[in-house]
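>>> Using only what follows, build the 3D model:
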Amino acid sequence: MHYVSCRLQQLMSGCRTVLLHRKAGRTLTVKPAILPGLAFVSVAVLLFSSPTLATENAEVHNQQESETLLVEKQIFRMDSFTTFGGKTIEDVKVGWEAYGTLSENKNNVILITHYFSGSSHAAGKYSKSDAAPGYWDSIIGPGKAIDTNHYYVISADTLVNLNAYDDNVVTTGPASINPSTGKPYGLDFPVVTIRDFVNVQKALLESLGISKLHAVVGPSMGAMQAIDWASAYPNWVPRMVSVIGAGESDAWTTAALEHWANPIRLDSNWKNGNYSPDKPPSDGLTASLMLITQNALTPEFFNAQGNMLGFNNLESKPLASINNHHSVTTWLQERAAARSAKMDANHLLYLVRACQLFVAGHQHNLEAGVDAIKAKTLFIPADSDLLLMPYLAQDVHKKLEAREMSSDYTELKGSLGHLEGVANISKQAVAIRQFLENE
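Below you'll find the predicted structure:
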């Protein structure tokens with residue numbers, strides 16, 4: 001869901017808009033490594049390394065050597081934006097990327113909506129020296145399932161993007177400067193919803209002269225955005241692909257998400273959201289990322305990692321002192337701490353709330369949201385997912401079938417849990433390609 005920490009390794013009408021360029025790069029196409037730790041939709045970028053999820057060395061294809069996509073980070077700006085909750089945000093900026101060529105009649109657009117800890121960097125590289133390509137590079141590109149020889153593929157950073165301090169992410173959220181005060185918004189930033197992410201994307205597309213999509217596709221929190229697109233703007237969306245997603249955050253999921261927020265709120269440096277950038281609630285954020293990462297994976301993965309680390313219940317350090325920890329918890333903590341450096345704690349709280357508030361269509365119940373959908377749909381949950389469990393996708397799929405809508409369902413098989421939808425999405429490349437090509 002929005003919790004795909006990236007392969008562990010890894011409107012408002014009437015708004016004036018401006019496009020600003022950021023940077024660009026070209027490189028050779030690189031075969032994406034299946035990172036054993038790519039986990040999650042929320043911890044992203046090489047947090048873990050393990051033989052189990054052992055990464056094959058990324059290597060240049062000899063058989064299909066070709067230039068990669070041109071990856072260019074751009075910035076979309078809105079002078080003001082009105083949220084689903086009726087609040088106004090001034091000077092909104094989000095980053096975006098696109099791959100492929102926009103057709104003359106602008107009817108070949110596929111929107112990719114990213115997961116909880118992800119960004120608009122869905123494919124390609126910014127430069128040859130980049131450690132890894134975008135998170136779905138295995139299925140986005142020339143000749144791939146989402147074929148950039150045919151489609152214009154676009155993705156945007158969400159509002160309150162978790163990676164607020166990443167140079168390759170542009171977002172507006174609690175860490176941004178409030179034009180009215182000259183200081184960071186903190187908790188004065190309005191609560192935002194999945195619908196708000198969708199509406200900013202819609203404004204971006206409209207600024208490019210696009211009025212209809214070929215499809216919208218996303219994993220985890222991106223799947224929430226994808227199905228909300230289909231419900232809120234049915235005339236825009238003829239096809240929707242939900243990967244490791246849900247039609248709503250049910251009571252179980254909403255309560256589970258609250259656990260991600262609690263460590264931050266309990267950190268003494270959080271100060272009700274009014275912390276300074278040089279003294280953030282790092283311990284709370286790290287603890288939250290530890291929990292998110294474990295939720296996104298499986299016992300099989302952790303037990304394999306424990307074996308690699310030499311995990312033993314009676315390790316000498318935790319036996320000697322209550323302040324010491326087992327090898328596997330130390331490993332998890334160190335990687336979460338390293339990942340947290342480019343993230344903002346308040347942004348995590350706002351993303352959690354956006355996901356807790358989610359129901360497709362943003363009406364009083366899921367049935368009303370499903371009633372509005374006209375799109376053909378494809379649901380691809382992961383059979384081992386312990387975060388957004390398959391029943392969440394099955395439920396909305398069955399509701400669509402009951403309405404005699406065209407809806408397909410297939411599962412990712414594997415031991416990576418939620419992470420299957422990022423690290424191993426290529427397992428369903430054929431299904432995705434066929435779905436996108438079918439009229």
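
>>> the helices in the stretch 201-350 of the chain, which residues?
In the stretch 201-350 of the chain, the helices defined using DSSP state H, counting those that start in this stretch lie at 221-232, 251-266, 282-296, 299-309, 316-320, 327-340, 345-356.

>>> Report the angle between the longest one and helix 345-356.
Relative orientation of helix 251-266 and helix 345-356, computed by axes from the mean of the first three to the mean of the last three CA atoms, to 10 degrees: 170 degrees.

>>> Tabulate the helices of the stretch 201-350 of the chain (CSV), appending mean pLDDT.
Output for the helices of the stretch 201-350 of the chain, formatted as CSV (pLDDT from 0 to 100):
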stretch, mean pLDDT
helix 221-232, 98
helix 251-266, 98
helix 282-296, 98
helix 299-309, 97
helix 316-320, 97
helix 327-340, 97
helix 345-356, 98
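
>>> among these, which is the most enclosed?
Highest mean neighbour count of the helices of the stretch 201-350 of the chain: helix 221-232, a mean of 30 (counted as mean count of other CB atoms under 10 Å). Backbone N, C-alpha and C define where each C-beta goes, glycine included.

>>> can you give me how far that one is from the chain middle?
Here helix 221-232 is found 12 Å from its chain centre; the criterion is CA atoms, centre = their mean, to the nearest Å.

>>> Show me what that helix packs onto, helices and strands only.
Other elements packing on helix 221-232 under the criterion 3 or more CB pairs under 8 Å, 6 or more residues apart in numbering; DSSP states H and E are strand 109-112, helix 194-207, strand 215-219, strand 239-243, helix 345-356, helix 366-371.

>>> Repeat the analysis, applying 6 Å as the threshold.
Helices and strands touching helix 221-232, by 3 or more CB pairs under 6 Å, 6 or more residues apart in numbering; DSSP states H and E, are helix 194-207, strand 215-219, strand 239-243.

>>> Would you format those as JSON lines with mean pLDDT included?
Below are the helices and strands packed on helix 221-232 laid out as JSON lines (pLDDT from 0 to 100):
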{"stretch": "helix 194-207", "mean pLDDT": "98"}
{"stretch": "strand 215-219", "mean pLDDT": "98"}
{"stretch": "strand 239-243", "mean pLDDT": "98"}
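
>>> Same list (these) but as JSON lines, adding distance to R339 and mean neighbour count.
Converted to JSON lines, the helices and strands packed on helix 221-232 look like this (distance: least, CB to CB, whole Å; neighbours: other CB atoms under 10 Å):
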{"stretch": "helix 194-207", "distance to R339": "22", "mean neighbour count": "23"}
{"stretch": "strand 215-219", "distance to R339": "18", "mean neighbour count": "31"}
{"stretch": "strand 239-243", "distance to R339": "22", "mean neighbour count": "28"}
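
>>> Let me know which of the ones you listed is the nearest to M290.
Closest to M290 of the helices and strands packed on helix 221-232 is strand 215-219 (CB to CB; 21.3 Å).

>>> Please name whichever of the helices and strands packed on helix 221-232 is nearest to Q428.
Short answer: strand 239-243, nearest of the helices and strands packed on helix 221-232 by CB to CB, at 7.9 Å.

>>> who does the closest one touch, helix- and strand-wise?
Against strand 239-243 (3+ CB pairs under 6 Å, 6+ apart) you get strand 215-219, helix 221-232, strand 376-380.

>>> quick one: contacts of that strand?
215-217, 219, 223, 226-227, 230, 375-380, 421 (CB atoms under 6 Å, 6 or more residues apart in numbering).

>>> now, among these, which is nearest to N307?
G421 (25.1 Å).

>>> was I right about the closest one contacting A246?
No. Here G421 does not reach A246: they are 11.9 Å apart, not a contact under CB atoms under 6 Å.

>>> who's more crowded, these two?
The neighbour count for G421 versus A246, taken as other CB atoms under 10 Å, is higher for G421 (36 against 30).

>>> ok so that one is a strand residue?
No. Assignment of G421 by DSSP: H, G, I helix; E, B strand; the rest coil gives helix, placing it outside any strand.

>>> what residues are up against the residue nearest to it when sequence neighbours are not counted?
In this structure, G421 finds its nearest non-sequential neighbour in I244, 3.3 Å apart by CB to CB, 6 or more residues apart in numbering. By CB under 6 Å, 6+ apart, I244 lies in contact with P219, S220, P381, A382, D385, L388, H418, G421.

>>> could you dump those residues to TSV with distance to A304?
Shown next, in TSV, are the contacts of I244 (distance: CB to CB, whole Å):
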residue	distance to A304
P219	23
S220	23
P381	23
A382	17
D385	18
L388	22
H418	17
G421	20
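
>>> so which of these would you say is closest to L400?
P381 (14.5 Å).

>>> And for the closest one, the neighbour number?
Residues contacting P381 under the criterion other CB under 10 Å number 27.

>>> For it, give its distance to P281.
The gap separating P381 from P281 is 33 Å, by CB to CB, to the nearest Å.

>>> Distance check, Q305 against N272.
Using CB to CB, Q305 is found at 36 Å from N272.

>>> Which residue is most remote from the mean position of this structure?
Centroid-distance maximum for the chain: A320 at 40.7 Å, with CA atoms, centre = their mean.

>>> residues touching that one, list them.
Taking CB under 6 Å, 6+ apart, one finds nothing in contact with A320.

>>> Where does the prediction get shaky in the stretch 51-200 of the chain?
For the stretch 51-200 of the chain, applying pLDDT under 70 flags the ranges 51-70.

>>> any chance you could map the strands in it?
71-82, 88-99, 109-112, 140-141, 146-147, 152-156, 177-178, 183-184 (DSSP state E, counting those that start in this stretch).

>>> quick one, which of the helices and strands packed on strand 239-243 is nearest to G310?
Nearest of the helices and strands packed on strand 239-243 to G310, taken as CB to CB: strand 215-219 at 33.4 Å.

>>> And the contacts of that closest one?
Strand 215-219 is contacted from outside by 4, 110-113, 115, 225-226, 229, 237, 239-241, 243-244, 421-422, 436, using CB under 6 Å, 6+ apart.

>>> how much space between the residue nearest to I432 when sequence neighbours are not counted and I194?
Of all residues beyond its chain neighbours, the one nearest I432 is A145 (4.5 Å), with distances taken as CB to CB, 6+ apart. Distance, A145 to I194, using CB to CB: 25 Å.
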